[in-house]
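Engineer: show me the folded form of this:
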Amino acid sequence: MFLAAVAFASAIAATPAANAPADLAAALMRDPAVASCARESGEKPQAFVAHAFGLRAVTLRTGERMTVAEAVDPCLLLGQSTRIFILQRTGSGYRRGLESVAIPGDAVVSDDGTAVLPTHETMETIFESTYVWNGSTYAFSAPRSHVYDVVLAERRPYQVAVRFAPGATSAALAGSVALNFGQDYVFEGRAGQRATIDLTAFTGSRPTIVLYYGDEDDSIADLLHGRAWSGALPRAGTYRLTVYGSDASNADRVSTYAIRLTVR
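Structural biologist: Below you'll find the model as predicted:
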């Protein structure tokens, strides 16, 4: 499924030495979960890290030396995912650049400063979160992240930025949805602007359309029954228009939609 990850997975292996470097072990022990698992094992930190993590060195094109530590010990597994750390090697030891989770063996950490960490959102979808090294840490990049539908074998952007043509106040959005597999559109708005969402057409099952502010969970509006909504935007900032499939009886049924978004 992830061809690039195959080579990465083959490169991940437990450190051949009896012990991991002391400063690397010390850096990993700052994580409470790692420290707890080490105590449960009864081993010293260096010995625990040596067998509990697959370690890989990556030198970025900008010169930074990174160590990727992917947990292989059952104590550090989280459901279908495992703990993964990326640490920068400095003159005084190791500094954490990223701590996250990924499907075992599927993480891809590249010398261009990107790290792609796939995790299951649902049984049908995998979220391929992408992080980019900014000189001090790996920062999440929504525009470079993707969602993969296992049933449909299809990958699409995690978010799509809405681009209004110069002088225009409306944009046409079109795509397809399936169960748990839709699309997030993001756009900038100002407080008091009037937004209108029109579901102009759809085939198959009717899509669910919900408007949010940023990453908030409480919706501003939804089109669960009607074909249009219009209202004032409450705040300045980034808005997220989520379109997703609602046909729970058939995970591989694809429906299409056309939406007109107006902000003025």
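
Engineer: element containing the most centrally placed residue in the chain?
Structural biologist: In the chain, the residue lying closest to the centroid (CA atoms, centre = their mean) is Ser129, at 2.5 Å. Per DSSP states H and E: Ser129 is located in strand 125-133.

Engineer: over that strand, what's the mean pLDDT, rounded is fine.
Structural biologist: The pLDDT scores in strand 125-133 average 97.

Engineer: next: stretch 178-196.
Structural biologist: Rounded mean pLDDT across stretch 178-196 is 94.

Engineer: Gly135 and Arg264, how far apart?
Structural biologist: Here the criterion is CB to CB, to the nearest Å. By it, Gly135 lies 39 Å from Arg264. Just so you know, the C-beta spots here come from the backbone N, C-alpha and C atoms, and that holds for glycine as well.

Engineer: contacts only, for the nearest residue to Arg235 once chain neighbours are set aside.
Structural biologist: Computed as CB to CB, 6 or more residues apart in numbering, the closest residue to Arg235 that is not its neighbour in sequence is Ala191, at 5.2 Å. Contact analysis of Ala191 by CB atoms under 8 Å, 6 or more residues apart in numbering lists 233-236.

Engineer: biggest separation within those residues, which pair?
Structural biologist: Using CB to CB, the two most remote members of those are Pro234 and Ala236, lying 9.3 Å apart.

Engineer: my guess is Phe164 contacts Ser170. True?
Structural biologist: Yes - counting by CB atoms under 8 Å, Phe164 does reach Ser170; the two are 7.4 Å apart.

Engineer: shouldn't the residue nearest to Arg235 be within a strand?
Structural biologist: No - Ala191 sits outside any strand when classified using DSSP: H, G, I helix; E, B strand; the rest coil, being coil.

Engineer: picking that back up, overlap in contacts of Phe164 and Ser170?
Structural biologist: By CB under 8 Å, 6+ apart, the residues touching both Phe164 and Ser170 are Val263.

Engineer: sorry, back to before: contact partners for the residue nearest to the centre of the chain?
Structural biologist: Ser129 neighbours (CB under 8 Å, 6+ apart): 100, 116-119, 140, 145, 158.

Engineer: could you list the low-pLDDT ranges of the stretch 1-150 of the chain?
Structural biologist: For the stretch 1-150 of the chain, the stretches with pLDDT under 70 are 1-18.

Engineer: quick one, strands of it?
Structural biologist: 13-14, 53-59, 65-71, 77-78, 81-90, 93-102, 108-109, 114-120, 125-133, 138-140, 146-149 (DSSP state E, counting those that start in this stretch).

Engineer: with distance to Lys44 added, can I get these in TSV?
Structural biologist: Converted to TSV, those look like this (distance: least, CB to CB, whole Å):
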stretch	distance to Lys44
strand 13-14	16
strand 53-59	15
strand 65-71	17
strand 77-78	22
strand 81-90	19
strand 93-102	17
strand 108-109	27
strand 114-120	29
strand 125-133	31
strand 138-140	29
strand 146-149	40
